[in-house]
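**Q** Got a predicted structure here, sequence first:
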Amino acid sequence: MTAEEKAEKNRRDKFVRARSFISKRLYTEEEFQKLKQLIESHENSPQE
């Protein structure tokens, strides 16, 4: 497995973990608000 393939697998694994974390609601309302702010700030930041 090349370094690029490993990086892609890691990205997919992180996405799957995040998706299951969200779907099982393993977070508090406060944590959700922090995550939402983080996502919004990332989306609003200029892309390279």
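**A** Alright, I've got the coordinates. Only a predicted model underlies this, so the values are computations on that prediction, with no experimental measurement involved. Numbering: from 1, shown residues only.

**Q** Pull the distance from the longest helix seen in the chain to the chain's centre.
**A** Taking DSSP state H as the criterion, the chain has its longest helix at helix 3-23. Its chain's C-alpha centre and that of helix 3-23 lie 8 Å apart, by CA atoms, centre = their mean, to the nearest Å.

**Q** got the contact list for that helix?
**A** For helix 3-23, contacts defined as CB atoms under 8 Å, 6 or more residues apart in numbering pick out 1, 27. Backbone N, C-alpha and C define where each C-beta goes, glycine included.

**Q** what's the next secondary structure element after it?
**A** helix 29-44 (DSSP states H and E).

**Q** picking that back up, what angle do the longest helix of the chain and helix 29-44 make?
**A** 140 degrees (axes from the mean of the first three to the mean of the last three CA atoms, to 10 degrees).

**Q** Extract the CA atoms of helix 3-23 and return them as CSV.
**A** Only the C-alpha atoms of helix 3-23 are listed here, as CSV (Å, rounded to 0.1, in the frame of the first residue of the first chain):
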residue,chain,number,x,y,z
ALA,A,3,1.6,6.4,1.2
GLU,A,4,-1.2,8.0,-0.9
GLU,A,5,-3.4,4.9,-0.4
LYS,A,6,-2.7,4.9,3.3
ALA,A,7,-3.7,8.6,3.5
GLU,A,8,-6.9,7.9,1.6
LYS,A,9,-7.7,5.0,3.9
ASN,A,10,-7.1,7.2,7.0
ARG,A,11,-9.4,9.9,5.6
ARG,A,12,-12.1,7.3,5.0
ASP,A,13,-11.7,5.7,8.4
LYS,A,14,-11.9,9.2,10.1
PHE,A,15,-15.1,10.0,8.1
VAL,A,16,-16.7,6.7,9.1
ARG,A,17,-15.8,7.2,12.8
ALA,A,18,-17.2,10.7,12.7
ARG,A,19,-20.4,9.6,10.9
SER,A,20,-21.1,6.8,13.4
PHE,A,21,-20.2,9.2,16.3
ILE,A,22,-22.8,11.7,15.0
SER,A,23,-25.5,9.1,14.2
